[in-house]
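Chemist: For reference, the sequence and a predicted model appear below.
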Amino acid sequence: MTTEVAMKCEIEKVRLLEDRAFVTRTLRGQYPPGQHRISVPNLTPVLVDKSLSVRVAAGVVEIHDSRVNRRPVVKSQQNSAKVQELRRRIEELDGEWTSLQERLSAVDQTIEMKQSLFATWLRECSEDVVWGRGESETRPAKADSLKQSIRGSVLNRQEIAKELQELSLLRDDLSEQLANLTTPTDGLRAALEIDARVSGEAEIVLEIEYCVPAACWRPYHTARWQGDKLHFSAQACVWQNTGEDWENVALSFSTQRAALGTEPPRLNRDVLRLKKKQKTVVVETREESVQVLEKTVETVPGIDDGGETLNLSAPHRGSIHSDGRPHRVELFDFETDAVREMKVLAEMSPCLFLNSRQSNRSSKPLLSGPVDLVKGSGLVGRAQVEFVSPGQEFVLSWGPDPSVRVHREHREGKQDSSFASSWLNKTHYVELHLSNLGTQAKSFEVTERIPVSELKYVKVEQDLEKTSPRAKADENGFVHWNVALEGRGRETLKLEYTVSRKKQVEGEL
């Protein structure tokens, strides 16, 4: 004989992936020996059936079968007290709306009349001035009185328009609530049924795990800079709209990409063709970035974990409601020394930027994601951090300094050559004009760059004598100056270099 028992099964822990979540419930109960059908109601109907797993954690019990039953539910609240109250409130708002519209129309007519009166008075004053009539001493006071009257009417109109806007927003909100209550909604209700045979008198504990879509997480961070110390907090931003609330559960986060699969990509044929070598050499300018660390992992949309799957657990239990809104969950934090840096990259942006250089003092890596920057009185901006290994240095940009102005000028000379030389030359002139508008002295680093040639047919030479102050470019073509500007001070930096190419080479210098 099989007995049916409905049991409450609380959510114990949730493991989130990039685009899904694995929910684990714990069912505890005391059952007499025999065959039982255990029913667990109020499950989310979107759970993936093939991911359902029921394990015995304690007790002498044998699981024969487990399945999910779904049934449609139609809900309607046409005559509830809340619906009646919403309808009454909407009628009151309609009456207030009509009254405010009438007041707004009257104020518009008043403003139009006063403006017409003021225009007429100005016309009459101009005629009186021409004919020498009227008292000129009273005209300014009269003009101020008319202006104040018009200004008062305009302010009154703005207040009425604001009330109308707030009233409209409130009515739209109430109308949406009324529509949700009065419109019959179709939904699904799911329940789990477990056929089990109990052999002992002891309490049994079952662990139920299943996968649900409509849940994801992404890394998020917060950096607080005070003095020479920076407090960095790593967090997980969670969204879920699975249809069930996760109340006081143990949360863990994984960078595993289950959607990528394990099959290798299909290889296509690679056809090789011969091509005649060109008699002329064609050169072109291209932009390249200098990478300090080479990334060997393929770029995949989602979370950058450095190529190794990571599992992070929240130190405390948390609650995530099924509302589709972002929820922050603390993962770990650390405090580190922050080195202050002031830099100017005029070619990229004509500003002086404040940066902080610090190390990851945590035993866990920092995942790529946005960083809320908190300094002084509160939030000052938002930056981005890439994947940072434990102990690795990283830089945060805290925004521009408004007291320093940077103006960059780049001029190109004419292309010249001589009959005795086989080279064509073009000189480039770069000037940076720096101004400190504040009263405090500023010390910072300025970086410029010159091209770097990869061909023997093209060469780039910097004129050190005409580079002021004198600074030599490094192997990557970057020129660095250390500048100290006094309060209200100014300085001009100059850079000059020549790009030369052979005459048989085609392309722009």
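Modeler: Now that the structure is in, tell me what you want to look at.
Chemist: Does residue 493 lie in a helix or a strand, and which?
Modeler: Using DSSP states H and E, residue 493 falls within strand 490-502.
Chemist: per-domain residue ranges of the chain.
Modeler: Here the domain parsing of the chain from automatic domain parsing is 2-74+187-212, 81-182, 216-256+302-396, 404-506.
Chemist: about what we covered before: now whichever helix or strand comes after the strand holding residue 493: mean pLDDT?
Modeler: Remark: after strand 490-502, the chain's next helix or strand is strand 505-506, criterion DSSP H and E. Computed over strand 505-506, the mean pLDDT rounds to 73.
Chemist: What strands flank strand 505-506, and is each parallel or antiparallel?
Modeler: strand 281-282 (parallel) (DSSP bridges).
Chemist: Give me the residue at the spatial middle of this structure.
Modeler: residue 370 (6.1 Å; CA atoms, centre = their mean).
Chemist: if we can go back for a sec, relative to residue 273, which of the domains of the chain is closest?
Modeler: When those are compared by CB to CB, domain 404-506 sits nearest residue 273, at 23.6 Å. (Each C-beta comes from the backbone N, C-alpha and C, glycine too.)
Chemist: end-to-end on the closest one?
Modeler: 42 Å (CA to CA, to the nearest Å).
Chemist: repeat for stretch 224-235
Modeler: Taking CA to CA as the criterion, the two ends of stretch 224-235 lie 14 Å apart.
Chemist: and what of stretch 234-254?
Modeler: End residues of stretch 234-254 are separated by 14 Å (CA to CA).
Chemist: For that stretch, what is the distance to the chain centroid?
Modeler: 19 Å (CA atoms, centre = their mean, to the nearest Å).
Chemist: Rounded mean pLDDT for that stretch, please.
Modeler: 94.
Chemist: Can you give me the buried ones in it?
Modeler: 234-240, 242-244, 246, 249-254 (16 or more other CB atoms under 10 Å).
Chemist: swap in stretch 416-431?
Modeler: Buried, per 16+ other CB under 10 Å, within stretch 416-431: 423, 424, 425, 426, 427, 428, 430, 431.
Chemist: will you turn the residues you listed into TSV that also has distance to residue 60 and pLDDT?
Modeler: Converted to TSV, those look like this (distance: CB to CB, whole Å; pLDDT from 0 to 100):
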residue	distance to residue 60	pLDDT
423	92	85
424	92	87
425	92	89
426	89	90
427	90	93
428	85	94
430	83	96
431	86	96
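Chemist: Which of these fall in helices?
Modeler: In helices, judged by DSSP state H, none of those are found.
Chemist: Which ones among those residues lie within strands?
Modeler: Mapping those onto strands (DSSP state E) picks out 423, 424, 425, 426, 427, 428, 430, 431.
Chemist: Nearest to residue 104 among the residues you listed?
Modeler: residue 431 (58.0 Å).
Chemist: Please name the nearest non-neighbouring residue to the closest one.
Modeler: residue 409 (4.5 Å; CB to CB, 6 or more residues apart in numbering).
Chemist: secondary structure element for that neighbour?
Modeler: strand 404-412.
Chemist: Might you calculate how far that strand sits from the centre of the chain?
Modeler: Worked out by CA atoms, centre = their mean, strand 404-412 lies 32 Å from the chain centre.
Chemist: Tell me the buried residues in it?
Modeler: 404, 406.
Chemist: Give me the sheet partners of it and which way each runs.
Modeler: With DSSP bridges as the test, strand 404-412 pairs up with strand 423-436 (antiparallel).
Chemist: Touching, residue 248 and residue 320? I think so.
Modeler: No: using CB atoms under 8 Å, residue 248 is not in contact with residue 320; the gap is 10.3 Å.
Chemist: any common contacting residues for these two?
Modeler: With contacts defined as CB atoms under 8 Å, 6 or more residues apart in numbering, no residue is shared by residue 248 and residue 320.
Chemist: thinking again about what came up before, wait, which of the buried residues of stretch 416-431 is closest to residue 335?
Modeler: residue 430 (41.3 Å).
Chemist: Please report how far the closest one lies from residue 144.
Modeler: Distance, residue 430 to residue 144, using CB to CB, to the nearest Å: 56 Å.
Chemist: What of residue 25?
Modeler: Taken as CB to CB, the span from residue 25 to residue 144 is 75 Å.
Chemist: ok, now residue 253?
Modeler: Where residue 144 is concerned, residue 253 sits at a distance of 66 Å (CB to CB).
Chemist: Kindly spell out which helices and strands sit in contact with the longest helix seen in the chain.
Modeler: Identified as the longest helix of the chain according to DSSP H is helix 81-131. Helix 81-131 is packed against helix 139-182, with contacts defined by 3 or more CB pairs under 8 Å, 6 or more residues apart in numbering; DSSP states H and E.
Chemist: Just after the helix it packs on, pick out the following helix or strand.
Modeler: strand 185-198.
Chemist: List the buried residues for that next one?
Modeler: 190, 191, 192, 194, 196, 198.
Chemist: who are the neighbours in contact with the fourth one?
Modeler: Residue 194 makes contacts with 37, 38, 39, 40, 54, 63, 65, 66, 206, as judged by CB under 8 Å, 6+ apart.
Chemist: residue contacts, the fourth one?
Modeler: Residue 40 sits next to 6, 7, 8, 9, 25, 27, 191, 192, 193, 194, 208 when contact means CB under 8 Å, 6+ apart.
Chemist: repeat that with 6 Å
Modeler: By CB atoms under 6 Å, 6 or more residues apart in numbering, the residues touching residue 40 are 9, 192.
Chemist: From the chain's centroid, how far away is the host helix or strand of it?
Modeler: Element membership for residue 40 (DSSP H and E) is strand 34-43. Centroid separation between strand 34-43 and its chain, computed with CA atoms, centre = their mean, is 44 Å.
Chemist: Would you mind getting the angle between the next helix or strand along the chain from it and strand 34-43?
Modeler: Using DSSP H and E, the next helix or strand after strand 34-43 towards the C-terminus is strand 48-58. On the basis of axes from the mean of the first three to the mean of the last three CA atoms, to 10 degrees, strand 48-58 is oriented at 130 degrees to strand 34-43.
Chemist: Run through this structure and note the low-pLDDT ranges.
Modeler: 1-7, 74-79, 134, 184-186, 259-264, 278-284, 288-301, 418-420, 507-509 (pLDDT under 70).
Chemist: mind running it again at 50?
Modeler: Scanning the chain for pLDDT under 50 picks out 294-300.
Chemist: Is it correct that residue 41 is in contact with residue 191?
Modeler: Yes: using CB atoms under 6 Å, residue 41 is in contact with residue 191, at 4.7 Å.
Chemist: so how far is residue 428 from the residue nearest to residue 431?
Modeler: Where residue 428 is concerned, residue 409 sits at a distance of 11 Å (CB to CB).
Chemist: and if you look at residue 216?
Modeler: Counting by CB to CB - residue 216 and residue 428 are separated by 49 Å.
Chemist: likewise residue 339?
Modeler: 34 Å.
Chemist: Let's see stretch 61-74 as CSV, backbone CA atoms only.
Modeler: The C-alpha trace of stretch 61-74 is given here as CSV (Å, rounded to 0.1, in the frame of the first residue of the first chain):
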residue,chain,number,x,y,z
VAL,A,61,15.3,4.5,2.1
GLU,A,62,15.2,3.4,-1.5
ILE,A,63,14.2,5.8,-4.3
HIS,A,64,12.2,4.1,-7.0
ASP,A,65,11.1,7.1,-9.2
SER,A,66,11.0,10.9,-9.2
ARG,A,67,9.2,13.2,-11.6
VAL,A,68,7.8,16.7,-11.9
ASN,A,69,4.1,17.3,-12.4
ARG,A,70,2.9,20.6,-13.9
ARG,A,71,-0.7,21.9,-14.0
PRO,A,72,-2.1,25.2,-15.3
VAL,A,73,-3.5,27.8,-12.9
VAL,A,74,-5.9,30.6,-13.8
